[in-house]
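Novice: Here is a sequence with its predicted model. Questions after.
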Amino acid sequence: MNEQKLIDYAKPCYDDEQVLELGHAIDFATEAHLGQKRKSGEPYIIHPLNVAHILIDWGMDIDTVLAGVLHDTVEDTDTSLDTIESLFGRNVAFLVDGVTKISKARAGMRDLDSYLPQTKDNLSKLLIAVGQDVRVIIIKLADRLHNLSTLEHMSPDKQKKIARESLDVFAPMADRLGMGRVRMQIEEIAFSYLNEKEFKRLQNEMKKRLGKSTRKLGVVRQEVEAELGKQHIKSEINGRVKSIYSLHKKLSKVDTSLDDIYDLMALRVIVDSKEDCYRVLGVLHSLYQPMLTRIKDYIAVPKPNGYQSLHTTVITPSKQIVEFQIRTYDMHEYAERGLAASFHYHEQKSSKDYSKNKKSSKLPTQMQWIVQLQEIASNLRDGVDIPLNQLNIDLFGSRIFVYSPKGDIYSLPEGALPLDFAYMIHTDIGKRAYSFRVNGNIRAFDKPLENGDIVEVITRKTSQPKPSWLELVTTTQARSKLRSQLKKMGLAEGMARGAAIIKEKALRGKGSASSSKK
Ligand code: MN
C-alpha cells in the first residue's frame with residue numbers, strides 16, 4: 001500500500017476535492033510518522049494507509065477516511081489536535097480525538113483478567129463515552145483488523161494477548177454494530193493465533209466434509225432455483241461456509257460433535273422484497289421437509305443488533321440436511337456491513353447528510369439509539385445548543401462516564417463526587433481514600449466529576465471514613481456503604497450527635513446545654 005494506490009482506490013468513491021484532501025492528509029501523516037517503523041520493519045505510514053483503505057472499502061464517508069489516515073498522529077507523534085482541526089476541520093479532529101481516547105481506555109482492557117467480567121457492559125459504555133460517534137468505533141475496528149493481519153511480526157506472547165482482546169472486545173463490538181463480516185474476519189484471525197492447533201484441525205475437518213457436501217448442495221440449489229423460477233420469484237442463491245470460530249464455539253457446547261452440525265454450509269437466498277422472503281420459505285417447505293424447531297423468523301423479530309433474515313433447516317429426500325437463510329438485498333447488505341452500510345457513499349456523500357436525512361428511519365428500530373446519539377453529536381459539533389432534556393436518551397440519561405487510570409470505564413450520575421467513584425470501585429478503596437487526582441491534578445472532595453475525567457483514588461492504610469463524608473457522596477450505593485462503615489467504627493452515634501448539634505445551632509440555643517451533655 002502506498003499513497004498512489006490509496007488515491008487510485010478512492011477516486012471512484014469521492015469527488016475531486018475530497019480526493020485532493022485525502023492527498024493532503026496522506027502527506028501530513030507521512031511527514032508526522034517519518035522515521036517510525038512498524039514491527040515488520042516497514043515505514044509506519046503503511047499502517048494508517050491500510051486502515052484508510054479498509055474504511056474506503058467499507059464505504060465510509062470522507063471524514064472517516066481522513067481520520068483513518070490521521071488516526072495515530074496525535075497519539076504517536078507530536079502532532080496536536082489543534083493542528084489537525086485547523087488543517088482538516090472539526091469533524092475530522094473530533095474523530096481522531098475519539099480514536100485517541102479509545103487507545104487510552106484500551107490500556108485498561110489489556111488487563112483482561114480484571115476486565116472480562118464487565119466486558120459487555122463496558123462495551124456499550126465505551127461506545128457512548130467515546131464522543132458519541134459510532135464512526136470512532138468503526139475506525140478502531142479497521143485499525144484492529146489491519147493490526148491483526150500483521151500479527152505475525154509480534155512476539156508469540158503479544159500475539160496471544162492481542163488475539164484474546166480481539167475476541168473479547170472487538171468482535172463483540174463489531175457484532176453490536178451489526179457488522180457481521182468484520183466480526184467474522186476478526187474472529188477467524190484471532191482464533192487462529194489463540195488456538196492454532198484447533199484452528200488447523202477444524203479447518204482440515206471442514207475441508208474434508210465440504211468437498212462432499214458442496215456437490216450434494218449443488219443439486220439442491222438447482223432444484224430450488226428451478227422452482228423459484230417457476231413461481232416467478234427473482235432470486236440469487238449463494239453458498240455460505242461456516243466460519244472456523246463459530247464452528248469451534250458450537251463444538252464447545254456440551255455433547256456436540258461435528259456430525260451434529262447441520263450448517264457447515266448453508267444456502268443463502270437473496271430476493272427483492274420481504275414478501276418474497278416468505279414466499280421462498282413457502283416454496284422450500286413445499287419442496288422439502290422442514291425441521292420445525294429450526295425455523296427462525298428474524299424478519300418479524302430481528303436480532304438485537306438489527307440482523308434480519310428467515311432461517312430454516314430442511315431434510316431433502318436423500319436425507320441431506322440443509323440450512324437456508326432467506327433475506328432481501330437490503331437485509332443482506334446490513335447483515336454484512338451493519339452500521340457501516342448506512343454511511344455508504346453511493347447514498348451519502350458526507351456524514352452531515354447522513355445525520356440530517358431520513359435514511360435513519362431505515363435503520364432497524366433496535367439501532368435507532370445510535371442515530372439519536374449521532375444526531376446529537378453532530379448538532380454539538382455544529383455548535384447548535386441542545387436543550388438538556390433532549391440529551392436524556394435512556395442510554396446515557398444524565399450520566400457521566402469516567403475512566404480509571406487503567407482505562408476502565410465507570411458510569412456515574414451527573415453531579416457525582418470523587419468519593420462516589422471510590423466507593424463504586426471497591427468498598428475498601430472508598431474507606432481508605434486519602435485524596436483524588438483527576439486528569440493528573442489533585443481534586444477536592446467536593447468538586448463534581450465530569451464526563452471523560454480520568455480519576456485516580458489515592459489511598460492510605462491509615463485513612464478512615466469520617467461522618468462528614470456523608471455530605472460528600474451523592475449516590476445511594478456510596479452512602480449506604482459509608483453508613484455501614486461508620487456504624488462498624490462506632491461512629492454512628494457520633495453521626496447522630498453531630499447532626500443534632502448542627503440542628504441545635506440552627507435553632508439558636510433553645511435549651512442548648514442539655515443535649516450536648518447527654
Ligand atoms: Mn493504529
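Specialist: Yep, it's here.
Novice: Run through the strands of the stretch 251-400 of the chain in chain order.
Specialist: Taking DSSP state E, counting those that start in this stretch as the criterion, the stretch 251-400 of the chain carries its strands at 265-271, 289-290, 296-297, 310-315, 321-328, 399-403.
Novice: Strand partners (parallel or antiparallel) of the longest one?
Specialist: Spelled out, that is strand 321-328. strand 265-271 (parallel), strand 310-315 (antiparallel) (DSSP bridges).
Novice: With respect to the ion, which of the ones you listed lies nearest?
Specialist: strand 265-271 (33.5 Å; CB to the ion). C-beta here means a position set from N, CA and C on the backbone, and glycine is covered the same way.
Novice: CA atoms only for that closest one, dumped as CSV, please.
Specialist: The C-alpha trace of strand 265-271 is given here as CSV (Å, rounded to 0.1, in the frame of the first residue of the first chain):
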residue,chain,number,x,y,z
MET,A,265,-22.5,-25.0,4.6
ALA,A,266,-25.8,-23.1,4.2
LEU,A,267,-27.6,-21.8,1.1
ARG,A,268,-28.4,-18.1,1.1
VAL,A,269,-31.4,-17.0,-1.0
ILE,A,270,-31.5,-13.2,-1.6
VAL,A,271,-34.6,-11.6,-3.1
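Novice: Pull the distance from it to the chain's centre.
Specialist: 28 Å (CA atoms, centre = their mean, to the nearest Å).
Novice: Let's have the strands of the stretch 251-400 of the chain in CSV, adding mean neighbour count and mean pLDDT.
Specialist: Shown next, in CSV, are the strands of the stretch 251-400 of the chain (neighbours: other CB atoms under 10 Å; pLDDT from 0 to 100):
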stretch, mean neighbour count, mean pLDDT
strand 265-271, 20, 92
strand 289-290, 14, 90
strand 296-297, 15, 90
strand 310-315, 19, 93
strand 321-328, 22, 93
strand 399-403, 20, 71
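Novice: just so I know, which of the ones you listed lies nearest His47?
Specialist: strand 399-403 (25.4 Å; CB to CB).
Novice: so what does that closest one touch, helix or strand wise?
Specialist: helix 90-109, helix 119-129, strand 409-413 (3 or more CB pairs under 8 Å, 6 or more residues apart in numbering; DSSP states H and E).
Novice: at 6 Å what do you get?
Specialist: strand 409-413 (3 or more CB pairs under 6 Å, 6 or more residues apart in numbering; DSSP states H and E).
Novice: tell me the mean pLDDT over the strand it packs on?
Specialist: The average pLDDT within strand 409-413 is 72.
Novice: ok, Lys234 - how many residues close by?
Specialist: Lys234 has 11 neighbours, counted by other CB atoms under 10 Å.
Novice: Also Thr83?
Specialist: Thr83, neighbours per other CB under 10 Å, totals 16.
Novice: if I've got this straight, Ile233 is in a strand?
Specialist: No - looking at Ile233 with DSSP: H, G, I helix; E, B strand; the rest coil, it is coil, so not inside a strand.
Novice: what's the closest non-adjacent residue to Glu21?
Specialist: Of all residues not flanking Glu21 in the chain, Leu66 sits nearest, at 6.5 Å (CB to CB, 6 or more residues apart in numbering).
Novice: ok, and does the helix or strand hosting that neighbour reach over to the ion?
Specialist: Counting by DSSP states H and E, the element that carries Leu66 is helix 62-70. No - Helix 62-70 stays clear of the ion (CB under 5 Å from the ion), getting no nearer than 9.1 Å.
Novice: what packs against the next helix or strand after that helix?
Specialist: As assigned by DSSP H and E, the chain's next helix or strand after helix 62-70 is helix 73-76. Secondary-structure packing of helix 73-76 (3+ CB pairs under 6 Å, 6+ apart): helix 90-109.
Novice: Just the mean pLDDT for the helix it packs on, thanks.
Specialist: Helix 90-109 comes out at a mean pLDDT of 76.
Novice: the inter-axis angle of that helix versus helix 62-70?
Specialist: Angle of helix 90-109 versus helix 62-70, following axes from the mean of the first three to the mean of the last three CA atoms, to 10 degrees, is 50 degrees.
Novice: then helix 90-109 to PDB, C-alphas only?
Specialist: These are the backbone C-alpha positions of helix 90-109, laid out as PDB (Å, rounded to 0.1, in the frame of the first residue of the first chain):
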ATOM      1  CA  ARG A  90     -13.600  20.000  13.300                       C
ATOM      2  CA  ASN A  91     -15.300  16.800  12.200                       C
ATOM      3  CA  VAL A  92     -12.000  15.000  11.400                       C
ATOM      4  CA  ALA A  93     -10.400  16.300  14.600                       C
ATOM      5  CA  PHE A  94     -13.400  15.100  16.600                       C
ATOM      6  CA  LEU A  95     -12.900  11.600  15.100                       C
ATOM      7  CA  VAL A  96      -9.200  11.500  15.700                       C
ATOM      8  CA  ASP A  97      -9.700  12.600  19.200                       C
ATOM      9  CA  GLY A  98     -12.200   9.800  19.800                       C
ATOM     10  CA  VAL A  99      -9.800   7.200  18.500                       C
ATOM     11  CA  THR A 100      -7.000   8.500  20.700                       C
ATOM     12  CA  LYS A 101      -9.300   8.300  23.700                       C
ATOM     13  CA  ILE A 102     -10.200   4.700  23.000                       C
ATOM     14  CA  SER A 103      -6.500   3.900  22.800                       C
ATOM     15  CA  LYS A 104      -6.100   5.300  26.200                       C
ATOM     16  CA  ALA A 105      -9.100   3.300  27.500                       C
ATOM     17  CA  ARG A 106      -7.700   0.200  25.900                       C
ATOM     18  CA  ALA A 107      -4.700   0.300  28.200                       C
ATOM     19  CA  GLY A 108      -7.000  -0.900  30.900                       C
ATOM     20  CA  MET A 109      -8.700  -3.500  28.700                       C
END
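Novice: what packs against it?
Specialist: Counting by 3+ CB pairs under 6 Å, 6+ apart, helix 90-109 packs on helix 62-70, helix 73-76, helix 81-88, helix 134-149.
Novice: Please parse this structure into its domains.
Specialist: Domains of the chain are assigned by automatic domain parsing as 3-194, 197-338, 356-482.
Novice: Figure out how far stretch 455-470 is from the centre of its chain.
Specialist: The answer for stretch 455-470 is 35 Å, by CA atoms, centre = their mean.
Novice: what sits up against that stretch?
Specialist: Identification of contacts with stretch 455-470 by CB atoms under 6 Å, 6 or more residues apart in numbering yields 402, 405, 421-422, 429, 431-435, 437-438, 482, 485-486, 491, 494-495, 498.
Novice: which SS class is whatever residue of the stretch 151-300 of the chain ends up closest to the ion?
Specialist: Closest approach between the stretch 151-300 of the chain and the ion, counting by CB to the ion: Ile162, at 12.1 Å. Recorded secondary structure, Ile162: helix (three-state DSSP).
Novice: Run a quick neighbour tally on it.
Specialist: Neighbours of Ile162 using other CB under 10 Å come to 21.
Novice: Where does the residue most central in space within the chain sit, in terms of helix or strand?
Specialist: The centroid of the chain falls nearest to Met173 when counting by CA atoms, centre = their mean (3.2 Å). Taking DSSP H and E as the criterion, Met173 maps to helix 171-176.
Novice: Which positions in that helix come out as buried?
Specialist: Judged by neighbour count (16 or more other CB atoms under 10 Å), helix 171-176 contains these buried residues: Ala171, Pro172, Met173, Ala174, Asp175, Arg176.
Novice: Kindly report the same for stretch 70-83.
Specialist: For stretch 70-83, by 16+ other CB under 10 Å, it's Leu70, His71, Asp72, Thr73, Val74, Asp76, Thr77, Thr79, Thr83.
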